[in-house]
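Novice: Below: sequence and its predicted model.
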Amino acid sequence: MNISDLFHLFIRWIHLISATAWVGGSIFWVLVLNPSVKHSDISFIEKLRSRLSTEFRGLVDTCIFVLLATGAIMTFNRLTPGNIGYQYVLILGLKIVFVLGMFYMIRAKRHLNFISKSNLAEHHVKPKSKRFSRLLTGYNMVLVLGLLVYLLSDLLNLIYISTIS
């Protein structure tokens with residue numbers, strides 16, 4: 001193993017840690033935090049979400065920067081030899097589209113401030129249709145896309161290994 005291999009191993013490791021931190025944090029937010037504070041004191045929820053949002057925003061911003069930098073290095077490393085097939089490029093393109101969608105949703109959510117005080121004040125049960133549509137919006141959709149990106153990453157790795165062997 002030479003220095004170039006060690007460098008690319010380090011880049012891939014940092015990429016995976018950043019992705020894990022972001023997606024893992026999103027899983028915690030959607031599946032643990034949101035349900036646990038649903039029926040709590042409104043003023044407490046506002047303070048808690050505000051503090052957690054600030055901290056998580058810093059983590060996500062760092063992850064986005066690291067993912068962009070390391071993803072560009074990894075893409076360049078895999079595509080420059082020229083022995084990758086069209087399937088790899090198509091799946092990589094789909095992965096990039098999903099990632100860009102995640103970045104856009106995060107920026108749009110921050111800009112529009114989806115967590116409004118009126119949403120926090122609602123304690124009544126929502127109709128099933130509203131619950132389902134809410135499931136596929138905002139941070140929930142970021143989480144779904146993040147999990148799909150993980151799946152596509154694993155598929156890319158399988159294609160790459162089968163191509164070079």
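Specialist: Nice, thanks for sending it over.
Novice: pLDDT of stretch 95-104, averaged?
Specialist: Averaged across stretch 95-104, pLDDT comes to 92.
Novice: try stretch 138-150
Specialist: Taken as a whole, stretch 138-150 has a mean pLDDT of 89.
Novice: do stretch 64-80 as well
Specialist: In this model, stretch 64-80 carries a mean pLDDT of 94.
Novice: tell me which residues in that stretch are buried?
Specialist: For stretch 64-80, the neighbour count (16 or more other Cβ atoms under 10 Å) marks 64, 66-67, 70-71, 73-74, 78 as buried. C-beta here means a position set from N, CA and C on the backbone, and glycine is covered the same way.
Novice: now, which of those sits nearest Lys95?
Specialist: Within the set of those, Gly71 lies nearest Lys95; the separation is 9.0 Å, counting by Cβ to Cβ.
Novice: Can you name the helix or strand that the closest one falls in?
Specialist: Assigned by DSSP states H and E, Gly71 falls within helix 42-79.
Novice: Give me the spatial nearest neighbour of the residue positioned nearest the centre of the chain, chain neighbours excluded.
Specialist: Geometric centre of the chain, nearest residue: Gly146, 4.0 Å, by Cα atoms, centre = their mean. Among residues not flanking Gly146 along the chain, Val23 sits closest, at 4.1 Å (Cβ to Cβ, 6 or more residues apart in numbering).
Novice: right, and the one you found touches Leu145 too?
Specialist: No. The pair formed by Val23 and Leu145 falls short of the contact definition of Cβ atoms under 8 Å, at 9.5 Å.
Novice: burial count for Met102?
Specialist: Neighbour count for Met102, taken as other Cβ atoms under 10 Å: 24.
Novice: so it makes contact with Leu148?
Specialist: No. Under the contact definition of Cβ under 8 Å, Met102 does not touch Leu148, with a separation of 9.6 Å.
Novice: Measure how buried the residue nearest to Gly146 is and give me the count.
Specialist: 19.
Novice: And for the one 5 residues further on?
Specialist: Residues lying near Phe28 (other Cβ under 10 Å) number 13.
Novice: Please, where are all the helices along this protein?
Specialist: With DSSP state H applied, the chain shows helices at 3-28, 34-37, 42-79, 86-112, 117-121, 128-135, 138-164, listed in chain order.
Novice: how much space between the residue nearest to Gly146 and Met1?
Specialist: Between Val23 and Met1 the distance is 29 Å, computed by Cβ to Cβ, to the nearest Å.
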